[in-house]
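Novice: Got a sequence here, can you model it:
(chains A, B, C and D)
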2 protein chains.
Amino acid sequence: MSSDLRERRRRQTADDIQRAALRLALRCGFEALTTEAIAAEAGVSPRTFFNYYANKQAALLGRPPRMDADEACWIVHSDAPLLDDLVALLTGLVEDGARLDRPKIRMVRQVLDASPELEPLFHDMLEGNTRVLAGLLQQRLGMDAPAEAELIAGLATGALSHAVRDWASADDLPAAEIKVLLRRRLQAVCRLLCA
Amino acid sequence: MSSDLRERRRRQTADDIQRAALRLALRCGFEALTTEAIAAEAGVSPRTFFNYYANKQAALLGRPPRMDADEACWIVHSDAPLLDDLVALLTGLVEDGARLDRPKIRMVRQVLDASPELEPLFHDMLEGNTRVLAGLLQQRLGMDAPAEAELIAGLATGALSHAVRDWASADDLPAAEIKVLLRRRLQAVCRLLCA
DNA sequence: GCACACTGTTGCAGTCTGTGCAATGTTTGC
DNA sequence: GCAAACATTGCACAGACTGCAACAGTGTGC
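Specialist: Residues are numbered from 1 along each chain as shown, chains lettered A, B, ... in the order given. The predicted model follows:
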């Protein structure tokens, strides 16, 4: 195994930095948070901080699960209802392995709630996934609906983040329930708009 | 009128700065764009630049039309279908006065197209409106659907920005057609998801 | 006209963010 | 072990952004 140890270390350091950032943000607020302080708290040099995260916002959120276009391309030619496919694809994103760390997500939420100006952060973090999904949906829906593809992609990832948020604030909801929350949300939006 | 001349000047300067930013961005790319260069091109001091825009991204987009919660609160108690109300409210945002400057919007698009990393910009610019709309929708939909309200608000403002984009890239589409584009988009999303 | 308040512009000094580079360690494959 | 690959770090520096205080232009009341 070549990069196994290195890989684990990288993950560990990335996680250390994120936790340091969250701890400091909760203690002193986002305004007073500096990259230097985060680096010190995490026990790395300021320069190293930027080897892991592009900025302190990214450090707070950590590395988001990335949707892999090749793994997800089945959705292009599926015959199942779009809603079902979206739910399956997106829950796959957050269900594989123990990706979801409830206390960490709660800390993130606390920080975001305390600083409303950070609201766009969540969106930006999911932006990458939204783009991938939008590309796939464009293929599925055909050339004439690029806008619809992007809108649905944004709506779906937004619904996922709400579902994850709700899951994180509940005390003992199993991760499998995220699927249900996500579906309910999308259906509700549909119903409200179609009425 | 005391503040009339001043107000006009402020608008003029804000517009000068935006145009300077767009010109430079198109000429040299967003990467090479500095606030100092924008200020120089616009004929103001670097310090003044920040009196008008919080950062260079904001300068590129200009002051977006702001939704006024008090003016828009009729939507809370309306009995009309939600879709109709959304279309009316949002088109009202962009239709009053000659707010929409087609060549300017096209320049913005060119810049955004040239720098994909700026994609989140549009979203962030509309963030304020999304929040206002989300608040209103939360009142309309009741306490038990905060997530749905936010999702619909995001979807609707996203659809509006697509509609405006399409309008801007067409050569002689009247602004009134934005309403049609917006409605079509939202309906299409609905249809695709409900199926 | 003149003094006055109001508002906007500017320069300056300073903090924080973020990057390129080169030196120094550490891991890995062989 | 040794060499290649990779990670960490310090340093120097450019750019973003802010607070403050001085200054200039405009409108107001007299």
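
Novice: Just want to check the distance between residue A:18 and chain B.
Specialist: 21 Å (CB to the nearest CB, to the nearest Å). C-beta coordinates here come from the backbone N, C-alpha and C atoms, glycine included.

Novice: could you list every residue that touches the nearest residue to that residue once chain neighbours are set aside?
Specialist: Spatial nearest neighbour of residue A:18, chain neighbours left out: residue A:62 (4.3 Å); criterion: CB to CB, 6 or more residues apart in numbering or on different chains. By CB atoms under 8 Å, 6 or more residues apart in numbering or on different chains, residue A:62 lies in contact with A:14, A:15, A:18, A:104, A:108.

Novice: pLDDT score assigned to residue A:181?
Specialist: Looking at residue A:181, its pLDDT stands at 96.

Novice: Thought residue A:165 was touching it, still the case?
Specialist: No: with contact defined as CB atoms under 8 Å, residue A:181 does not reach residue A:165; the gap is 9.4 Å.

Novice: what number of residues lie near residue A:152?
Specialist: Neighbours of residue A:152 under the rule other CB atoms under 10 Å in any protein chain shown: 26.

Novice: Okay, and residue A:173 sits in which element?
Specialist: Under DSSP states H and E, no helix or strand contains residue A:173.

Novice: all strands of chain A, in order?
Specialist: Counting by DSSP state E, chain A has no strands at all.

Novice: The nearest residue to residue A:127 once chain neighbours are set aside - how many residues pack around it?
Specialist: Leaving aside its chain neighbours, residue A:127 sits nearest to residue B:120 (5.5 Å; criterion: CB to CB, 6+ apart). Residues near residue B:120, counting by other CB under 10 Å, number 17.

Novice: Likewise for residue A:81?
Specialist: Counted with other CB under 10 Å, residues neighbouring residue A:81 total 13.

Novice: Excluding sequence neighbours, find me the nearest residue to it.
Specialist: If the residues on either side of it in the chain are set aside, residue A:81 comes closest to residue B:195, at 6.0 Å by CB to CB, 6+ apart.

Novice: So which bits of chain A are right by DNA strand C?
Specialist: Within chain A, the positions adjacent to DNA strand C are A:1-6, A:33-36, A:47, A:50, A:54-56 by CB under 7 Å from any atom of the strand.

Novice: Kindly recompute the last result at 10 Å.
Specialist: A:1-9, A:30-39, A:45-51, A:53-59 (CB under 10 Å from any atom of the strand).

Novice: Any stretches of chain A with poor pLDDT?
Specialist: A:1-3, A:97-98 (pLDDT under 70).

Novice: ok, now how distant is residue A:123 from residue A:27?
Specialist: Applying CB to CB, to the nearest Å, the value for residue A:123 to residue A:27 is 26 Å.

Novice: quick one, which of the two is more surrounded?
Specialist: Neighbour tally, residue A:123 and residue A:27, criterion other CB under 10 Å: the higher count belongs to residue A:123, 19 against 10.

Novice: pretty sure the more buried one contacts residue B:121?
Specialist: No: the criterion here is CB under 8 Å, and residue A:123 misses it with residue B:121 at 11.5 Å.

Novice: Which positions in stretch A:40-60 come out as buried?
Specialist: A:41, A:42, A:44, A:49, A:52, A:53, A:56, A:57, A:58, A:59, A:60 (16 or more other CB atoms under 10 Å in any protein chain shown).

Novice: right, is it up against chain B?
Specialist: No: against chain B, stretch A:40-60 shows no contacts by CB under 8 Å from any CB of the partner chain, the least distance being 10.5 Å.

Novice: among the residues of chain A next to DNA strand C, which are in helices?
Specialist: Taking DSSP state H, the ones among these that sit in helices are A:4-9, A:35-39, A:46-51, A:56-59.

Novice: Enumerate the residues of chain A near chain B.
Specialist: Residues of chain A lying near chain B (CB under 8 Å from any CB): A:81-83, A:119-120, A:123-124, A:127, A:131, A:141, A:145, A:147-148, A:150-152, A:154-155, A:158-159, A:162, A:166, A:185-186, A:188-190, A:192-195.

Novice: redo that, cut-off 6 Å
Specialist: Selection of chain A residues close to chain B by CB under 6 Å from any CB of the partner chain yields A:82-83, A:120, A:124, A:127, A:147-148, A:151-152, A:154-155, A:158-159, A:162, A:185, A:188-190, A:192-194.

Novice: domain parsing for chain A?
Specialist: Segmentation of chain A into domains, based on automatic domain parsing, reads A:4-60, A:64-194.

Novice: How many residues are close by the residue nearest to residue A:118 when sequence neighbours are not counted?
Specialist: Among residues not flanking residue A:118 along the chain, residue A:112 sits closest, at 5.2 Å (CB to CB, 6+ apart). Using other CB under 10 Å, the number of residues around residue A:112 comes to 19.
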